[in-house]
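Peer 1: my questions are about this predicted structure, shown below with the sequence.
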2 protein chains.
Amino acid sequence: MNKTRLGLLLWFRLARVYEQNLSRSAAHLKQAGFSPPQFDILAQVHAHQPITQKELASKLFVTKGSVTYLLKKLEKEGLVTRRQTWKEKHISLTPQGRAALKAVAPGQEEFQAAQFDGLTDTEKRELLRLLRKLQKTTREEESSCS
Amino acid sequence: MNKTRLGLLLWFRLARVYEQNLSRSAAHLKQAGFSPPQFDILAQVHAHQPITQKELASKLFVTKGSVTYLLKKLEKEGLVTRRQTWKEKHISLTPQGRAALKAVAPGQEEFQAAQFDGLTDTEKRELLRLLRKLQKTTREEESSCS
DNA sequence: TTTTATCAGTTTAAAGTTAAACTGACAGCA
DNA sequence: TGCTGTCAGTTTAACTTTAAACTGATAAAA
């Protein structure tokens, strides 16, 4: 098997695994009334409260515009607040946001983790090592996020 | 490290690796005037010509509506044709479609494959094995695509 | 003080995605 | 002949995303 072919097989398989996981995730989250992007935002805000929109964008690998769009809706629903200081807006969870996240997160995290239960513990660790190496050795060419 | 935590780390890492690869892909394809979904469609049609829209949707893990939308544009640009027989539409590449794909595909495939060059050959094979196992053992709960 | 540069966040248009309802041609039975 | 069901494909509205242009407050230079 030549090098390009092996790489391509990897890419297709990776994409399919990811997409399947994501779509199962979405279905699971939907029961709780969230979409994956909304949940991601809430989880990041919870973990790094208070966090600026720029930081959020960079942690979630999306553009600033996307963050603006999502936060606007979450704010309207009363789940997050934005305190402006000079240029930056500092995002925090409201009590409702905290409650909503608390109700959903544990189940969601367990669900996510369970998607890897087909592997043994050793295999999981090996997969994690490979993914990390892959990301590290590819990051050189990387520039900043828009 | 407990089981859920390991699974979560895997999920986040997998997502980031995938998203980074995809966005580099998109940038690379953009030079050739294609978006990733367009390229995926053309590549699948090329590989399975003639193929129905339903088959296309299932191979690409998207809904039928998405396929309709993308094909409509590709047809308008003269890259694919649709022959209808009873319920089904059979998609093929036009000569222009073939030419366009031929101009882009080799470079794109090489680019994709190169994203895994941070790994040794043995590691690539191991990663492929793990991803396959992951997909196989998770597929049980799967139902059909809408 | 006035001008200029910087930079987080916003807006816009275009693209792609989904779920869910709809369309329409045919098969198969009454 | 005329219902009725089935099923690929289409449509629609709502979401999410991006790139690129724009806004506006402030720092820094003139």
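Peer 2: That came through, no problem.
Peer 1: when you work out contacts or count neighbours from here on, use the C-alpha atoms and nothing else.
Peer 2: OK.
Peer 1: so residue A:123 is in contact with residue B:129, correct?
Peer 2: No - between residue A:123 and residue B:129 no contact is recorded; they are 10.1 Å apart, counting by Cα atoms under 8 Å.
Peer 1: next SSE after the strand or helix carrying residue A:22?
Peer 2: Counting by DSSP states H and E, the secondary-structure element that holds residue A:22 is helix A:3-30. Next along the chain after helix A:3-30, taking DSSP H and E as the criterion, comes helix A:36-48.
Peer 1: the next helix or strand after that following helix packs against which elements?
Peer 2: Proceeding N to C from helix A:36-48, the next assigned helix or strand is strand A:51-52, under DSSP H and E. In terms of contacts (3 or more Cα pairs under 8 Å, 6 or more residues apart in numbering or on different chains; DSSP states H and E), strand A:51-52 is packed against strand A:88-93.
Peer 1: so is the strand it packs on next to DNA strand C?
Peer 2: Yes - contact check for strand A:88-93 against DNA strand C, using Cα under 7 Å from any atom of the strand: residues in range are A:88, A:89, A:90.
Peer 1: tell me the angle that strand makes with helix A:36-48.
Peer 2: Strand A:88-93 runs at 100 degrees relative to helix A:36-48, counting by axes from the mean of the first three to the mean of the last three Cα atoms, to 10 degrees.
Peer 1: surely residue A:124 touches residue A:116?
Peer 2: Yes - Residue A:124 is within contact range of residue A:116, at 7.5 Å (criterion: Cα under 8 Å).
Peer 1: list residues touching both of these two?
Peer 2: Between them, residue A:124 and residue A:116 share the neighbouring residues residue B:7, with contact defined by Cα atoms under 8 Å, 6 or more residues apart in numbering or on different chains.
Peer 1: which one of these two is surrounded by more residues?
Peer 2: Here residue A:124 and residue A:116 are set side by side on neighbour count (other Cα atoms under 10 Å in any protein chain shown), and the busier one is residue A:116, at 26 against 21.
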